[in-house]
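[1] quick one: sequence plus predicted model below, questions after.
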Amino acid sequence: MMKTESQPLLDVKLLRKYFPIRKGFFRKTVGYVRAVDDISFFINEGETLGLVGESGCGKTTASRCILRAIDPTSGQMLFRNEEGEVVDLAQLNREQLKPLRSQMQMIFQDPYGSLNPRMTLFDIVGEPLLIEGMRNRRQREERVAELLALVGLRPEFMQRFPHAFSGGQRQRIGIARALALNPRLVVADEPVSALDVSVQAQTLNLLLDLQKRLNLTYLFVSHNLSVVKHICDRVTVMYVGKIVETATSHELFVRPRHPYTAALLAALPVADPRVKTGNVELPGEVASPANPPSGCYFHPRCTYCIDRCKAEAPEYREITPGHYVACHRADELDLAGMA
Amino acid sequence: MSMHMNPQAEPLLSIRDLKVHFFMDEGVVKAVDGISLDVYPGQVFGIVGESGCGKSVTMKALLRIVEPPGRLVSGEMVLRRPAAVGATEVVDLAKLDARGAEMREVRGGQIALIPQEPMAAFSPVHTVGNQIIEAIRLHRNVDEREARKIALQQFKDVGIPAPEQRLDAYSWQLSGGLRQRAMIAMALSCNPLILIADEPTTAVDVTTQAQVLRLLRRLQEERNSAIIFITHDLGVIAQMADYVTVMYLGLVMEQGPVDDIFHNPKHPYTRALLESVPSIETAPRQDLPTIKGTIPHPFNRPAGCPFYPRCEKFMPGVCDTATPALLPVGRQLVSCFLYQEVSVTA
């Protein structure tokens, strides 16, 4: 452990997670699924970083590595703890991780699957407090009431079970649980995609409000680009286990530099019948991370592909200050963003 | 009703005052409680609404596959289908025996469904080809070899690469996008008059979604069939539909041409729904306008207009006493007392 002056709350360097593919009687490893393949990014304190990409791109695997729900294959995950010390989450063992766990929490996608139907709200939201050693029930009740009020639920609901609540209210319960131990980093994995449109807006407002009040840092994992644009300061786009582009939200949407980002933006159906979208079709399908194509993983689907793209993997580089992209032709291409 | 898009044509399908209720031990859920709509040939008819609005139940009723404790309580579902050359036959689907031969002929033959989950819709123990061939042979008088030829042509039409091999594949060997294409091929294999697409792209990725939507558009233009497109995604509806119905808790709130619904919405619910979606124009990281409260549990549906407890324009003594009728306002049909002569009852 060392002290540094660096600003990021979390600095991920060359994070890699390979899942072995085993075959045969001796379970011999015949290959690897490169779920997360040497990705680097950072999140500053108090900001929201969006992690977007299509299914199988590794966004969930990456977020689970950061929380050490699964162990990364290699790489560094430098986390600045409350004392300002920088620790590498990838190197810590279970005991060393324990005091840090409370500082990193997660909000789940499915508000139905993520709450135990046999536990009351008091048990659900109070469980992290109990684990952290708050043995006094009265004290716990006070804190749970405070948390429920914070997320806009009535403290009287404490003795009820999750089945009495709607999807949006359940998601608030999940948020209250995540906030119980005053975390600094909150990983939100598709927190609104299971909710109805009218309830999505309420939940997004709540997340923004909580961030302001509690100075939270969000890693916001989502495939919904309009939600990401609304809530995130910066956005990272992943494709088949690799980061293809990172930029501020505004710049990424207005001036994408990677053809895949541009294709994602073009595919997004806009809620206005006068704006016709979806005319640019991205051919083919997402490559398999077990058997990725040569060179740039995106080249078989890319309209701008040249010979170099088939042979050589592009370097992930800073093209303009704060704008990172992995594309050989990023300098020459003029890609359309959203107006 | 004055919703003619093409005044010459008669609607392919007219639903009038359809009611589907679920009789549970705890009480009656009025999942669909008196909805009316007309679908014209060559039209993409969008139905949009949040969970519990009755959009999927309406389509189940249309196919007569509502399962107990649900029951079709009342209403008409008139289908105009070609009979002999030049003639049309009018049949009320609500009056047919749900298990009878005639309804089985309609189901898959004249009205086909693309279900939401292509993974769950195909049997994993039969090849997709066999399942499509079975459907073709049920509805068309052809032998196995001819049916396979038709299936192959359908696979080519929906743009499945290497269609010969894919016919002999199992559904779990196909990717999400291919599975959805195979499902579309199956639904179209008997040349239906009406294709129901029930959230066809919620389970697939953004780029695959764009492919599937484009495919549906192209096929619809080529065949001039009608599509009933059900979704909760306002972006998808704006891009796909010609005519839109907005539903809330079993009732139609507003109906109209897609441009009017998005650019001149009349019903407070439609307005609120459109405002609550972050768009390109919304300022980032600012609070979004929301609809207060949540969708009520179907057992406690409010009396009167079902939306009044969440409505900005709630008029006490009016909205909570009676259910507004669906009446023409401009180019739309709107069920809201704001546009109707009302007398306040204390």
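    Here it is on my side, so go on.
[2] which residues touch residue 70?
    Using chain A. Under the criterion of CB atoms under 8 Å, 6 or more residues apart in numbering or on different chains, the neighbours of residue A:70 are A:17, A:61, A:64. All C-beta atoms are positioned from the backbone trio N, CA, C, and that covers glycine.
[3] let me rephrase: I mean chain B.
    B:20, B:21, B:22, B:23, B:31, B:57, B:60.
[4] out of those residues, which end up buried?
    B:20, B:21, B:22, B:31, B:57, B:60 (16 or more other CB atoms under 10 Å in any protein chain shown).
[5] name the helices or strands packed onto the longest helix anywhere in chain A?
    Scanning chain A for the longest helix, with DSSP state H as the assignment, gives helix A:197-214. Where contact means 3 or more CB pairs under 8 Å, 6 or more residues apart in numbering or on different chains; DSSP states H and E, helix A:197-214 is packed against helix A:167-179, helix A:225-231, helix B:268-275.
[6] can you redo the contacts of residue A:70 as TSV with distance to residue A:158, neighbour count and pLDDT?
    Shown next, in TSV, are those (distance: CB to CB, whole Å; neighbours: other CB atoms under 10 Å in any protein chain shown; pLDDT from 0 to 100):
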residue	distance to residue A:158	neighbour count	pLDDT
A:17	39	23	94
A:61	35	22	92
A:64	30	20	92
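[7] so which of these are in strands?
    residue A:17 (DSSP state E).
[8] can I get the contacts of residue A:70 in CSV with distance to chain B?
    Listed next are the contacts of residue A:70 as CSV, based on distance: CB to the nearest CB, whole Å:
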residue, distance to chain B
A:17, 21
A:61, 16
A:64, 20
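[9] so where is the chain shaky, pLDDT-wise?
    Going with chain A. Filtered on pLDDT under 70, chain A yields the residue ranges A:1-6, A:279, A:339.
[10] not quite, go with chain B.
    Checking chain B against pLDDT under 70 turns up B:1-8, B:118, B:203, B:280, B:343-346.
[11] one step back: so which of the contacts of residue B:70 belong to helices?
    Taking DSSP H, the ones among the contacts of residue B:70 that sit in helices are B:57, B:60.
[12] now for the contacts of residue B:70: which two are most distant?
    The most widely separated members of the contacts of residue B:70, counting by CB to CB, are B:23 and B:60 (15.6 Å).
[13] just to revisit the earlier point, out of the helices and strands packed on helix A:197-214, nearest to residue B:117?
    Closest to residue B:117 of the helices and strands packed on helix A:197-214, according to CB to CB: helix A:167-179, at 18.6 Å.
[14] quick one: work out the angle between that closest one and helix A:197-214.
    On the basis of axes from the mean of the first three to the mean of the last three CA atoms, to 10 degrees, helix A:167-179 is oriented at 20 degrees to helix A:197-214.
[15] do helix A:167-179 and chain B meet?
    Yes - using CB under 8 Å from any CB of the partner chain, helix A:167-179 reaches chain B at A:167, A:168, A:169.
[16] what parts of the stretch 201-339 of chain A come near chain B?
    A:201-202, A:204-205, A:208-209, A:223, A:225-227, A:229-231, A:233, A:249-250, A:253, A:263-264, A:266-274, A:276-279, A:281-282, A:285-286, A:338-339.
[17] for burial, what's the neighbour tally of residue A:195?
    23 (other CB atoms under 10 Å in any protein chain shown).
[18] ok, now which ones touch it?
    Shown in contact with residue A:195 (CB under 8 Å, 6+ apart): A:111, A:167, A:168, A:171, A:203.
[19] ok, for the last one, nearest residue in space, not its chain neighbours?
    Among residues not flanking residue A:203 along the chain, residue A:192 sits closest, at 5.1 Å (CB to CB, 6 or more residues apart in numbering or on different chains).
[20] check the first one too.
    For residue A:111, the nearest residue in space outside its immediate sequence neighbours is residue A:170; the separation is 3.6 Å by CB to CB, 6+ apart.
[21] look up how far chain B lies from the one you found.
    Distance, residue A:170 to chain B, using CB to the nearest CB, to the nearest Å: 11 Å.
[22] residue contacts, that residue?
    Contacts for residue A:170 (CB under 8 Å, 6+ apart) come out as A:111, A:112, A:115, A:162.
[23] which residues does the most centrally placed residue in chain B bridge with?
    What sits nearest the mean C-alpha location of chain B, by CA atoms, centre = their mean, is residue B:230, with 3.7 Å. Legend: beta-bridge partners of residue B:230 under DSSP bridges are residue B:47, residue B:198.
[24] isn't it right up against residue B:197?
    Yes - the pair residue B:230 and residue B:197 qualifies as a contact (CB atoms under 8 Å) at a distance of 6.7 Å.
[25] before we move on, the earlier item: so which of the helices and strands packed on helix A:197-214 is nearest residue B:303?
    Closest approach to residue B:303 among those is made by helix B:268-275 (16.9 Å; CB to CB).
[26] what ranges does the stretch 201-346 of chain B have for its strands?
    All strands of the stretch 201-346 of chain B, identified by DSSP state E, counting those that start in this stretch, fall at B:226-231, B:243-248, B:251-257, B:327-329, B:332-334.
[27] and if you look at chain A?
    Counting by DSSP E, the strands of chain A are A:2-3, A:8-23, A:28-44, A:48-52, A:74-80, A:85-88, A:104-107, A:185-189, A:217-222, A:234-239, A:242-248, A:317-320, A:323-325.
[28] any buried residues in the last one, and which?
    Using 16+ other CB under 10 Å as the burial criterion, the residues of strand A:323-325 that qualify are A:323, A:324, A:325.
[29] direction included, what does that strand pair up with?
    Partner strands for strand A:323-325, per DSSP bridges, with pairing direction: strand A:242-248 (antiparallel), strand A:317-320 (antiparallel).
[30] just name the most buried of the ones you listed.
    Of all these, strand A:242-248 carries the top mean neighbour count, a mean of 25, counting by mean count of other CB atoms under 10 Å in any protein chain shown.
[31] quick one: that strand to chain centroid distance?
    Strand A:242-248 sits 13 Å away from the centroid of its parent chain (CA atoms, centre = their mean, to the nearest Å).
[32] how about stretch A:281-296?
    22 Å.
[33] still on that earlier bit, which one among the contacts of residue A:70 gets closest to residue A:333?
    Proximity of the contacts of residue A:70 to residue A:333 (CB to CB) peaks at residue A:61, which lies at 29.1 Å.
[34] with adjacent residues omitted, what lies nearest to the closest one?
    Leaving aside its sequence neighbours, residue A:61 sits nearest to residue A:35 (CB to CB, 6+ apart; 4.3 Å).
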